[in-house]
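In: have a look; sequence and predicted model below, questions after that.
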Amino acid sequence: YNGLVSAAEALRHSLNIPAIAVLDRVGVARFCAFLPEIGIDSATKSPATYGLGLALGNCEVRLEDMAAAYCMIANLGEYRPLRVLASDPMAKPRRSLSKGTCLALYAMLEHSLPGEFDATLVPVGRLLTRACWKTGTSAGYRDAWTFVFNRHYLVAVWMGNNDGSASNKLVGARAALPLAAEIFRSLPPKVYPAWPEDSTETKPVRVCALSGLPAATWCPNTRTASIPHDAYLLRVCDVH
């Protein structure tokens with residue numbers, strides 16, 4: 001337990017308690033029903049079998065399916081199945097998440113790759129494109145994952161043993177992230193922007209500087225946060 005943390009910090013560091021709390025609010029059955037919509041059809045057991053451990057990686061999933069799901073986020077909520085060959089027909093995209101939600105995820109998951117300057121500093125040498133990344137470690141240390149993306153590319157890396165055996169070295173941030181970062185930075189930049197433009201899909205909200213919840217009259221310090229335009233604002237800060 002880490003006390004009060006931001007949603008971005010919880011997501012970046014894969015904190016278990018916030019992930020379980022969010023899944024508990026959403027509902028396991030509802031989340032299981034959503035997974036096939038973004039191409040993840042390997043969670044075939046009943047929602048009760050997975051329980052809240054589903055947020056922590058207790059279901060089977062294929063690398064290419066996870067890559068397609070992250071591509072959906074990179075494409076601002078439009079899902080398409082992956083194509084193996086450039087000559088393969090391109091499926092019609094379908095809306096899976098709102099643009100505002102994906103813009104919020106871009107903001108939450110943007111941070112420097114290992115060995116690079118902080119994004120707020122001026123780099124020396126070539127200008128690096130902004131990037132998002134998320135690591136994952138499945139239950140029992142059987143899989144190490146990393147996904148790095150922006151509007152140009154998505155790199156997905158899985159590391160594990162072919163027989164499914166566990167290893168305490170299979171931690172996403174230590175095993176898969178360095179390789180994913182190296183591959184991502186080896187790709188040539190494209191001519192169009194690597195980062196989504198600001199849009200009307202988000203709105204500013206005054207929140208408590210400590211809790212991050214919509215500010216109440218008794219919050220001593222507040223700040224402005226950008227949230228998806230369609231996000232519900234049903235709670236106010238109850239910390240103070």
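Out: Arrived safely, thanks for sending.

In: ranges for the strands of this structure?
Out: 78-79, 94-95, 132-137, 144-149, 154-159, 202-208, 222-228 (DSSP state E).

In: winner for burial among those strands?
Out: Highest mean neighbour count among the strands of the chain (mean count of other Cβ atoms under 10 Å): strand 144-149, with a mean of 25. In this view, the C-beta of every residue, glycine as well, is placed from N, C-alpha and C.

In: separation between Val155 and Val191?
Out: Using Cβ to Cβ, to the nearest Å, one gets 20 Å for the distance from Val155 to Val191.

In: about what we covered before: wait, which of the strands of the chain is closest to Asp88?
Out: Smallest distance to Asp88 across those (Cβ to Cβ): 16.2 Å, for strand 78-79.

In: contacting residues around that closest one?
Out: For strand 78-79, the external contacting residues (Cβ atoms under 8 Å, 6 or more residues apart in numbering) are 37-39, 68-69, 71-72, 93-96.

In: pLDDT on it, on average?
Out: In this model, strand 78-79 has a mean pLDDT of 97.

In: can you give the strand pairings for it, parallel or anti for each?
Out: strand 94-95 (antiparallel) (DSSP bridges).

In: who's in contact with the partner strand?
Out: With Cβ under 8 Å, 6+ apart as the criterion, strand 94-95 contacts 37, 77-80.

In: which residue ranges of this structure form helices?
Out: 7-12, 16-26, 28-34, 47-50, 63-74, 99-109, 177-186 (DSSP state H).

In: out of those helices, flag the one nearest Cys219.
Out: Of the helices of the chain, the one closest to Cys219 (Cβ to Cβ) turns out to be helix 7-12, at 17.4 Å.

In: what packs against that closest one?
Out: helix 16-26, helix 99-109 (3 or more Cβ pairs under 8 Å, 6 or more residues apart in numbering; DSSP states H and E).

In: just to revisit the earlier point, for the helices of the chain, which one sits closest to Thr222?
Out: helix 7-12 (16.9 Å).

In: buried residues in that closest one?
Out: By neighbour count with 16 or more other Cβ atoms under 10 Å, helix 7-12 contains the buried residues 8, 10-12.

In: tell me the one of those nearest Asp198?
Out: Nearest to Asp198 among those, with distances taken as Cβ to Cβ, is Ala8, at 17.7 Å.

In: and the closest one, how far is that from Leu54?
Out: For Ala8 relative to Leu54 (Cβ to Cβ), the value is 22 Å.

In: equivalent analysis for Leu76, please.
Out: For Leu76, the distance to Leu54 - Cβ to Cβ - is 25 Å.

In: same question for Lys45.
Out: Counting by Cβ to Cβ - Lys45 and Leu54 are separated by 10 Å.

In: between these two, tell me which one has more neighbours.
Out: Counting neighbours by other Cβ atoms under 10 Å for Lys45 and for Leu54 shows that Leu54 has the greater number, 21 against 13.

In: OK, contacts around that one?
Out: Leu54 makes contacts with 23, 28, 31-32, 43, 47, as judged by Cβ under 8 Å, 6+ apart.

In: among those residues, the buried ones, what's the ChimeraX command?
Out: Of those, the buried ones can be selected in ChimeraX as follows, counting by 16+ other Cβ under 10 Å:
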select :23,28,31,32,43
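
In: the contacts of Leu54: which two are farthest apart?
Out: Leu23 and Ala43, at 12.8 Å, using Cβ to Cβ across the contacts of Leu54.

In: what stretches of this structure score poorly on pLDDT?
Out: 118-126 (pLDDT under 70).
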